[in-house]
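**Q** The amino acid sequence is not available; the structure is as follows:
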C-alpha cells in the first residue's frame, strides 16, 4: 500500500450504552494507553454512576440498526460489506472513499440513534451508545475477508446476542 492510498475498508465497532465500561473484565481500551487489564473496582465505579438503565437491543431493534446502516451507506455511495447488530454492540465493515473512519463511525451511529428513537420509546431522551467506538483501517483483501467473516459468521458462532 502506498503512503497516501486510502484503506479498502473500515472495520467499525461500537457498543450499547453501559455495556462496555472502563475497567471491564474483557479488557478495555484507554485512549492514551491502549489496551488495559481488567480493573473490577473501576468497572463497578463506572457502573454505579450510569445515569440510565442499560437497554440491550432486541431483534427488531437490531434489524432497525442494520437497515439504518445500509440506508446511510447507500445514500453516501459507500460499499457496505457487513453490518451486524448484536444485543450489546454493532460491527460494520464499509468502504467509504474520501472519509476517515471516525467520521464514518459517527455518521452511522447518529443515523442508527435517530432511527431507534423514532421507532422505540425506550431510547428517547437517553444515550443509546457508549461514547466513541473503535475503527480500524482494512488495507488488503485478506484482511477484508477476515473482518467480514468476523463481523458476521464468527459472531454467530460465538452465540452472541
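**A** In hand now; what should we look at? What you are looking at is a predicted structure, and each value in this text was computed from that prediction instead of being measured.
**Q** Every contact and neighbour count from this point should use C-alpha atoms.
**A** Noted.
**Q** How is residue 19 assigned, secondary-structure-wise?
**A** With DSSP: H, G, I helix; E, B strand; the rest coil as the basis, residue 19 sits in coil.
**Q** Name the nearest residue to it, sequence neighbours excluded.
**A** Excluding its sequence neighbours, the residue lying closest to residue 19 (Cα to Cα, 6 or more residues apart in numbering) is residue 88, at 6.3 Å.
**Q** Would you check how far apart that neighbour and residue 57 are?
**A** Noted for residue 88: a distance of 7 Å to residue 57, by Cα to Cα, to the nearest Å.
**Q** mind listing the strands for the protein?
**A** 9-15, 28-30, 34-36, 79-85, 89-95, 134-138 (DSSP state E).
**Q** Can you give the domain ranges for the chain?
**A** For the chain, automatic domain parsing gives the domain ranges 9-14+56-157, 20-53.
**Q** can you give me the helices in the protein?
**A** Ranges of helices within the chain are 40-48, 59-76, 101-119, 141-149, 155-157, based on DSSP state H.
**Q** By mean pLDDT, show me the worst of the ones you listed.
**A** Here these differ in mean pLDDT, and the lowest is helix 155-157 at a mean of 50.
**Q** how many neighbours does residue 128 have?
**A** 25 (other Cα atoms under 10 Å).
**Q** Settle this for me: it is touching residue 113, isn't it.
**A** Yes: counting by Cα atoms under 8 Å, residue 113 is a contact partner of residue 128 at 6.5 Å.
**Q** Touching both of the two, which residues are there?
**A** Residues touching both residue 128 and residue 113 (Cα atoms under 8 Å, 6 or more residues apart in numbering): there are none.
**Q** if we can go back for a sec, the residue nearest to residue 19 against residue 15, yeah?
**A** Yes: Residue 88 lies in contact with residue 15 (Cα under 8 Å); the separation is 5.7 Å.
**Q** Number of residues surrounding residue 143?
**A** Residue 143: 15 neighbours (other Cα under 10 Å).
**Q** So which of the domains of the chain is the most surrounded?
**A** domain 9-14+56-157 (a mean of 18; mean count of other Cα atoms under 10 Å).
**Q** what's the offset of that one from the middle of its chain?
**A** 5 Å (Cα atoms, centre = their mean, to the nearest Å).
**Q** ok, the closest residue to residue 122 other than its chain neighbours - contacts?
**A** Excluding the flanking residues, the one nearest residue 122 by Cα to Cα, 6+ apart is residue 55, at 7.7 Å. Going by Cα under 8 Å, 6+ apart, residue 55 touches 16-17, 122, 128.
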